[in-house]
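Predicted model, plus sequence, below.
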Amino acid sequence: MLSVAGTKSKAKGSQGQFPITQNVTVVEGGTANMTCRVDYNDNTSLQWSNPAQQTLFFGDKKALRDHRIELVRASSQELIIRISDVLLSDEGQYTCSLFTMPVKTTKAFLTVLGVPGRPDITGFTKPAMEGDVLTLTCTAPGSKPAANIRWFRNDKEVQGTKEVNATGKSFAVRSSLQFQVDRREDGVAYTCSVEHVSLPNPYMTTEVLEVHYAPHLEITHSLIIPQEGQYFKLECVSIGNPIPEPVLWSKDGGELPDIERMIVEGRELTITTLNKTDNGTYRCEASNHLGTSSAEYILFVYAKDFPWPTTDPNAFAQHGPDHALIGGVVAVVVFITLCLIIVLGRYLARHKGTYLTHEAKGSEDAPDADTAIINAEGNHVHAEEKKEYFI
């Protein structure tokens, strides 16, 4: 892999007499072609030297014994050499010299990219237990410049903690990710992605987390309103890892009373024909190595002629008593009653009753009540009316 920088280097002075070079970037282990040329030459020689100022080629003559360095082309106007299996130590400033009087030189920089190693994830516990704290570490050695590491939880990027250590001319990059494990992490894929200028595509490695956790059970039922004579099914839905099993069914704390009608198949309990004797509390129980869980369902079997439908929960709501309507009717009746009581009271208060009291006339002079009445009757023409009010 070889790339050439877009800028050219040449010394000051007449362009035709100064050598022209180009900077080169190559991946470690690749091949670099170093080119030096002049626009015209009067038969003087061109020379390439390495960063240590050791002559590599003088014209077509090889000066340094290194089997990795070969001549590609040599002429009075051009000198091209090839460096194979490039090492990080080959990086540096190379010199092309044109042997005129005085000697004219131009520099070209060889950049060697260190390809990172394949990433490796450590810290996985298989299986992990719910509640554990895991620290995942992804390492990418041997990069130059330092590689970039990214973490992904499934397809979503998450942030890790990066650490870069220099090892000679290359870098070892590490990134760590710490989190507490819960059951939602079961089956989650954690991916470490290593990006580097030397890679056309990132290096990736993935580990899938397995989490063990205690079971949780729930019971689902096939009918909203179970009625006599119907087919009825209960299912014990279990969540847990490892899968909790076997599932054990019981009724009212004991064994199932009618094994001919009550059929157990795995997690399902089926009652082929319901009757009133099936009323009671049904319980399912299952366990794994982390714990035991159970769930209960209270069954009440309605009469066969029960008017509400048994399969449509919306129909149940339609045929059930409308409590809001009943409450409204009661409130209206109470209000009307109170209004009638108030009206009747006001009517009686306005129509007061009157009567004559005969004891009033002559009672002052009469020795007793009988005499007072007689005196009053005799003078009833002049008697005053005494009134009493009834409220």
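Great, that's in hand. Bear in mind that the values here come from a model prediction, so they are computed numbers and not experimental data.

how close does the closest residue to E296 other than its chain neighbours sit to T122?
The shortest distance from E296 to any residue other than its chain neighbours is 4.9 Å, reached at R283 (C-beta to C-beta, 6 or more residues apart in numbering). Any C-beta I mention is one placed from the backbone N, CA and C, and that applies to glycine too. Counting by C-beta to C-beta, to the nearest Å, the separation of R283 from T122 is 45 Å.

For these two, indicate the residue with more neighbours.
Taking other C-beta atoms under 10 Å, R283 and T122 do not tie; R283 has more neighbours (18 against 12).

The residue nearest to E296: what's it in contact with?
For R283, the contacting residues are W249, S250, K251, G253, S294, A295, E296, Y297, by C-beta atoms under 8 Å, 6 or more residues apart in numbering.

7 Å - rerun?
Residues in contact with R283 (C-beta atoms under 7 Å, 6 or more residues apart in numbering) are S250, S294, E296.

Now render the residues you listed as CSV, adding distance to K304 and neighbour count.
Output for the contacts of R283, formatted as CSV (distance: C-beta to C-beta, whole Å; neighbours: other C-beta atoms under 10 Å):
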residue, distance to K304, neighbour count
S250, 27, 16
S294, 32, 15
E296, 26, 12
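
any idea which of those is closest to G29?
Among the contacts of R283, S294 lies closest to G29 (C-beta to C-beta), at 63.1 Å.

Excluding covalently adjacent residues, which one is nearest to the closest one?
E285 (4.2 Å).

Please name the strands paired to the helix or strand that contains that neighbour in the sheet, noting orientation.
Assigned by DSSP states H and E, E285 falls within strand 280-288. Using DSSP bridges, strand 280-288 pairs in its sheet with strand 248-251 (antiparallel), strand 291-299 (antiparallel).

Please name whichever of these is nearest to I225.
Comparing the strands paired with strand 280-288 by their distance to I225 (C-beta to C-beta), the top pick is strand 291-299, with 11.3 Å.

For that closest one, C-alpha coordinates in CSV please.
Extracted as CSV, the C-alpha positions of strand 291-299 are listed here (Å, rounded to 0.1, in the frame of the first residue of the first chain):
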residue,chain,number,x,y,z
GLY,A,291,-34.4,-19.2,43.0
THR,A,292,-38.1,-20.3,42.9
SER,A,293,-41.1,-18.3,41.8
SER,A,294,-44.9,-19.0,41.8
ALA,A,295,-48.1,-17.4,40.6
GLU,A,296,-51.8,-17.9,41.5
TYR,A,297,-55.1,-17.6,39.8
ILE,A,298,-58.5,-17.7,41.5
LEU,A,299,-61.1,-19.5,39.4
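
which residues touch it?
214-219, 221, 226, 234, 236, 244, 278-286.

try stretch 215-229
230, 232-240, 244, 273-276, 284, 286-288, 291, 293-295, 297, 299, 301-304, 306, 308, 310-311, 313, 316.

cool, stretch 235-247 as well?
Against stretch 235-247 from outside (C-beta under 7 Å, 6+ apart): 186, 211-220, 266-268, 284, 286-288, 293, 295.

of the residues you listed, buried ones?
The neighbour count (16 or more other C-beta atoms under 10 Å) marks 186, 211-215, 217, 219, 267-268, 284, 286-288, 293, 295 as buried among these.

how about those, which pair is most distant?
Top of the distance list for the buried ones among the contacts of stretch 235-247 (C-beta to C-beta): V211 and E268, 27.1 Å.

Endpoints of stretch 96-116, how far apart?
Stretch 96-116 has an end-to-end distance of 32 Å (C-alpha to C-alpha, to the nearest Å).

Which pLDDT value does the model give the nearest residue to H289 once chain neighbours are set aside?
Nearest non-adjacent residue to H289, counting by C-beta to C-beta, 6+ apart: P242, 7.0 Å away. As predicted, P242 sits at a pLDDT of 93.

Likewise for the one 4 residues further on?
P246 is assigned a predicted lDDT (pLDDT) of 91.

What separation is there between it and T137?
40 Å.

So between those two, which is more surrounded?
Counted by other C-beta under 10 Å, P246 and T137 do not tie: T137 has more neighbours, with 18 against 10.

Partner strands of the helix or strand where the more buried one lies and their direction?
Element membership of T137, judged by DSSP H and E, is strand 133-143. If you go by DSSP bridges, strand 133-143 pairs up with strand 120-122 (antiparallel), strand 170-180 (antiparallel).
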